[in-house]
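> got a sequence here, can you build the structure:
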Amino acid sequence: MSGPATGKATPITSKSQLIEFAQSGCKPKKDWRIGTEHEKFGFDLKTLQPLPYEGPNGIKAMLEGLQRFGWEPQYEAGNVIALSMNGYSVSLEPGGQLELSGAALENLHQTCSEVHTHLAQVREVGDEIGVGFLGLGFSPKWTREETPMMPKGRYNIMKAYMPQKGSHGLDMMFRSCTVQVNLDYASEADMIKKFRTSLALQPLATALFANSPFTEGKPNGHLSHRSFIWTDTDPDRTGMLPWVFEEGFSFERYVDYALDVPMYFVYRDGKYIDVSGKSFRDFMDGKLPGLEGEIPNLVDWDNHLTTLFPEVRMKRFLEMRGADGGPWRRLCALPAFWVGLLYDETALDAAWDLVKNWSNEERQQMREDVVVHALATRVPGGRDMRDLAREVLKIASAGLNARKRLDSFGEDEEHFLNALKNIVENGVTPAEELLAKFNGEWAGNIDQVFREYAY
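Next up, the predicted model:
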């Protein structure tokens, strides 16, 4: 989750400004970029407990230690709650999950270098203060009560509101981690095609990256429990957005959706004002309690867009949201997967041809089944998702080859898919690998995951 947006506080006087905001994301292909985000769980190396904010080995100490590398601190109510440098940032999720929001980069070689540098910095500081970090989709050991809350005002509002809308909203906030990639579009037509293709294929990404089979030290019956909790978090702002596939989908249609999704907050003078349950339309009409007569600005709109959580989200780019967090090689594999499919016209056409005849019911069924079955999920046409993955990875490979973005050794970006190709070849997802160890050599001791899978 992002912090408050910053920028020009242009007053909003009509819906057309919000449509223009989305349109302003349109870029020529030469300016398309890749922005990767990933979250990870911090833990005390001795006790294997989650990190508090304060203390010698807390999150605050971690953020202070990282400043040696040139990061600039950002504060809220006197607490350092984020770091920024050269277009990217380190921020905090509600339960202390540490997130890197990467810069907008030209190629996957730069993306993987960014990830590697960040994790090396985190490891250096963590080793000094007795802290480790783990890449999984869901907290494998800690209860909600054991998980501390970070001192960010928006989280107090969300914590109070979430239980009103679903049974797993607090689990989403405090006990989940993801890896995401943000990608550009050239035009409204290009946005529509990319949105539909990537939304249809999010269950496949969930299957390939399934990495959250434990809750409170025991198997939870899911291969992607992170994905499962999103199915009962808040129906107003989550899901597969079936209307995206309807005739007439457009920037305006997404704006209309966002206008009606209930708000969480308004950010004013360094403070979050609770307006939960009210719509942005109410705000535009000057009808927010405590802010009567005040109209929103584009910073408010940008903030509101960060509180929508569908499987694909649009701001001034498209954000792929279907994958569990994981080790660093898979952090590079997720952007490779989507860049290969969406940033080459031939690959995008081929991927769309695979999914364009699927019905809303078929897409939703895959979304529900994949949390349990992952690559064994049945897909339209009578085959399983592992077969679909083989075909899609071939398309993504060809798309990356066609980009011809070479590193200093003359190698293109296609090799970043190798981690996913190995999963498909072996037929074993990361979650199934963890379960085999838990039921075998770990003898049911979840503590081993911290020792073998930390960064």
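> my guess is Glu252 contacts Ile19. True?
Yes: using C-beta atoms under 8 Å, Glu252 is in contact with Ile19, at 5.2 Å. C-beta here means a position set from N, CA and C on the backbone, and glycine is covered the same way.
> nearest residue to Ala61 other than its sequence neighbours?
Ile129 (5.4 Å; C-beta to C-beta, 6 or more residues apart in numbering).
> to clarify, my last question referred to Trp352.
Spatial nearest neighbour of Trp352, excluding adjacent residues (C-beta to C-beta, 6+ apart): Thr197 at 4.8 Å.
> now the phi/psi pair for the one you found, please.
With angles defined as degrees, to the nearest 10, Thr197 sits at phi -60, psi -50.
> burial measure for it, as a count.
When neighbours are defined as other C-beta atoms under 10 Å, Thr197 has 23 of them.
> try Val379
Using other C-beta under 10 Å as the criterion, the residues surrounding Val379 number 24.
> tell me the phi and psi of it?
phi -120, psi 160.
> look up how far Leu100 lies from the nearest residue to it once chain neighbours are set aside.
Leaving aside its chain neighbours, Val379 sits nearest to Leu388 (5.0 Å; criterion: C-beta to C-beta, 6+ apart). Per C-beta to C-beta, to the nearest Å, Leu388 is found 30 Å from Leu100.
> then Arg367?
In terms of C-beta to C-beta, Arg367 sits 27 Å off from Leu100.
> wait, what's in contact with the residue in the chain sticking out farthest from the centre?
The outermost residue of the chain, judged against the average C-alpha position, is Gly293 (35.1 Å), by C-alpha atoms, centre = their mean. Going by C-beta atoms under 8 Å, 6 or more residues apart in numbering, Gly293 touches Gly286.
> look at it and give its secondary structure.
Recorded secondary structure, Gly293: coil (DSSP: H, G, I helix; E, B strand; the rest coil).
> likewise Thr307?
Secondary structure, three-state DSSP: Thr307 is coil.
> from here on, count from 20
I'll keep to 20 as the first residue from here, and by that count the last item is Thr326.
> pLDDT score assigned to it?
Among the per-residue scores, Thr326 holds a pLDDT of 97.
> ok, it - how many residues close by?
When neighbours are counted by other C-beta under 10 Å, Thr326 registers 20.
> next one: it relative to Asp255, how far apart?
Thr326 is 10 Å from Asp255, by C-beta to C-beta.
> so what sits against both of the two?
Any residue near both Thr326 and Asp255 by C-beta under 8 Å, 6+ apart counts here, and that gives Val280.
> I'd like to know which elements the longest strand along the chain is packed against.
What stands out as the longest strand in the chain, according to DSSP state E, is strand 53-63. Contact partners of strand 53-63 among helices and strands, from 3 or more C-beta pairs under 8 Å, 6 or more residues apart in numbering; DSSP states H and E: strand 117-120, helix 127-148, strand 150-153, strand 197-202, helix 347-361.
> not counting its neighbours along the chain, what's nearest Val274?
Leu37 is the one closest to Val274 (C-beta to C-beta, 6+ apart), at 4.7 Å.
> contact partners for the one you found?
Leu37 sits in contact with Ile31, Val274, Ala277, Leu278, Trp320, where contact means C-beta under 8 Å, 6+ apart.
> inside helices: which ones of those?
Of the contacts of Leu37, the ones assigned to helices by DSSP state H are Val274, Ala277, Leu278, Trp320.
> which one among the residues you listed gets closest to Asp251?
Closest to Asp251 out of those is Ala277 (21.6 Å), distances taken as C-beta to C-beta.
> what number of residues lie near the closest one?
Neighbour tally, Ala277, other C-beta under 10 Å: 21.
> distance of it from Ser298?
From Ala277 to Ser298 the distance is 9 Å (C-beta to C-beta).
> same question for Gly97.
Taken as C-beta to C-beta, the span from Gly97 to Ser298 is 32 Å.
> okay, these two: which has more neighbours?
For Gly97 versus Ser298, the count of surrounding residues by other C-beta under 10 Å is larger for Ser298: 19 against 7.
> hang on, Trp161 in a strand?
No: read with three-state DSSP, Trp161 is coil and lies in no strand.
> which residues touch it?
Gln68, Pro69, Arg194, Glu235.
> which among these count as buried?
Pro69, Arg194 (16 or more other C-beta atoms under 10 Å).
> adding pLDDT, distance to Met81 and secondary structure, write the contacts of Trp161 out as a markdown table.
Listed next are the contacts of Trp161 as a markdown table, based on pLDDT from 0 to 100; distance: C-beta to C-beta, whole Å; DSSP: H, G, I helix; E, B strand; the rest coil:
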| residue | pLDDT | distance to Met81 | secondary structure |
| --- | --- | --- | --- |
| Gln68 | 97 | 15 | coil |
| Pro69 | 98 | 12 | strand |
| Arg194 | 98 | 19 | helix |
| Glu235 | 98 | 25 | coil |
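> between the contacts of Trp161, which is closest to Tyr286?
Checking these one by one against Tyr286 (C-beta to C-beta), the nearest turns out to be Arg194, at 25.5 Å.
> just checking, the closest one touches Thr166?
Yes: counting by C-beta under 8 Å, Arg194 sits close enough to Thr166 to count as a contact (6.3 Å).
> give me the common contacts of these two.
Gly114, Ser158.
> contact partners for the residue nearest to Val398?
By C-beta under 8 Å, 6+ apart, the neighbours of Leu407 are Leu223, Leu373, Val398.
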